[in-house]
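Enquirer: Okay, here's the prediction I keep looking at, along with the sequence it came from:
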Amino acid sequence: MTTPEPIVSVRGLRKRFGDNEVLKGIDLDVRPGEVVVVMGPSGSGKTTLIRCLNLLEEPDTGTVSMCGNQVDCGGRGRSRAAQVREIRRRSAMVFQQFNLFPHLTALQNVMEGPISVRGLRRTEADGLGRRLLALVGLDEKCDCYPATLSGGQKQRVAIARALAMEPQVILFDEPTSALDPELHAEVLQVIRDLAGNGMTMVIVTHETAFARDVADRVVFMDGGNVIEEAPPQRFFTAPAHPRVQAFLRLVGPSHNGHPSPQNVERT
Ligand SMILES: Nc1ncnc2c1ncn2[C@@H]1O[C@H](COP(=O)(O)OP(=O)(O)OP(=O)(O)O)[C@@H](O)[C@H]1O
Ligand SMILES: [Mg+2]
């Protein structure tokens, strides 16, 4: 069997904020249907990396390719702008803090992108929104405003909203870390179901039990570099790099919350 072409591919990605070089030349491939979990201590560049994958953050140098659209970072030009638009259209991002519109109901939050970006008619978007809210277990909450929803419910609305854009890749940045521990499971189950249905996902998370369960590959970042990349069985039982070993000792074998990985001694 031949390995399918990557759906996401980055090469030599570098990003600095002032004097702080946050990404120091990242190479990463994600294949269709693959679930890649990104782990690493606080400040190692995980959020910056996934924001660079859909060009929400502009890398300084390197290339980003998604679904056949390649952007050479640091360049200019009209064809490049079109490629950036394509990449953003084909990917969706789910944030730690949900980022729902507070003045819109759950259903209106999900309908907004399909209407304004995909050009769906209101009735079509309404049907789609209701189907997706049912998919994440929130059919009863269509008319509720975000302020009246629990954190786990808000995050499930945010996932439905991401799905409404029919993305080919979903990028998650610590989707459970703003939630009370008892609300983690409901969000993780939705993500597990998406994985089971073959959705391609890149997930930044500290939840080791979940990562073991759902990841095809774990990528570990430290100081702006990927220092280890392995299937979860190997990553969690026999990591090669001492930094990863120290990190896993800190978070434990089946951590379900937010550790303090910044406390891991820097090397
Ligand atoms: N917009 C920005 N302007 C300046 N510095 C930034 C910006 N965004 C991130 N940084 C810096 O880049 C570094 C990496 O940040 P990033 O948010 O990618 O880390 P992280 O691995 O996601 O950490 P955490 O686990 O705490 O979320 C940090 O030193 C951070 O202060
Ligand atoms: Mg982060």
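Expert: Cool, the structure landed. Numbers count the residues shown, from 1 in each chain. Ligands and ions are numbered 1, 2, ... in the order given.

Enquirer: going forward, measure contacts and count neighbours with C-alpha atoms only.
Expert: OK.

Enquirer: residues contacting the spatially closest residue to V8 that is not a sequence neighbour?
Expert: Leaving aside its chain neighbours, V8 sits nearest to M66 (4.5 Å; criterion: Cα to Cα, 6 or more residues apart in numbering). Going by Cα atoms under 8 Å, 6 or more residues apart in numbering, M66 touches I7, V8, S9, I87, R90.

Enquirer: again with D173
Expert: Per Cα under 8 Å, 6+ apart, neighbours of D173: T47, I50, M93, V94, F95, Q96, I203, V204, T205.

Enquirer: Which of the helices or strands spans the closest residue in space to D139 that isn't next to it in sequence?
Expert: Residue nearest to D139 in three dimensions, not counting chain neighbours: L133, with 5.4 Å by Cα to Cα, 6+ apart. Assigned by DSSP states H and E, L133 falls within helix 122-135.

Enquirer: hmm, who's touching that helix?
Expert: With Cα under 8 Å, 6+ apart, helix 122-135 has contacts from 107-108, 110-111, 114-115, 139, 142, 156-157, 160-161, 163-164.

Enquirer: Tell me which helix or strand comes right after it.
Expert: helix 151-163.

Enquirer: Excluding chain neighbours, what is closest to D27?
Expert: D27's closest residue in space is R11 (Cα to Cα, 6+ apart), at 4.4 Å.

Enquirer: same deal with N99?
Expert: A158 (7.6 Å).

Enquirer: Local confidence estimate at the residue nearest to V8?
Expert: Per-residue pLDDT puts M66 at 95.

Enquirer: How about it: which residues does it bridge to?
Expert: In this entry, M66 is beta-bridged to V8, N69, by DSSP bridges.

Enquirer: Output the lowest mean pLDDT helix or strand found in this structure.
Expert: Within the chain, confidence by mean pLDDT, DSSP states H and E is lowest for helix 78-90 among all helices and strands, at a mean of 86.

Enquirer: buried sites along that helix?
Expert: R80, Q83, V84, E86, I87, R88, R89, R90 (16 or more other Cα atoms under 10 Å).
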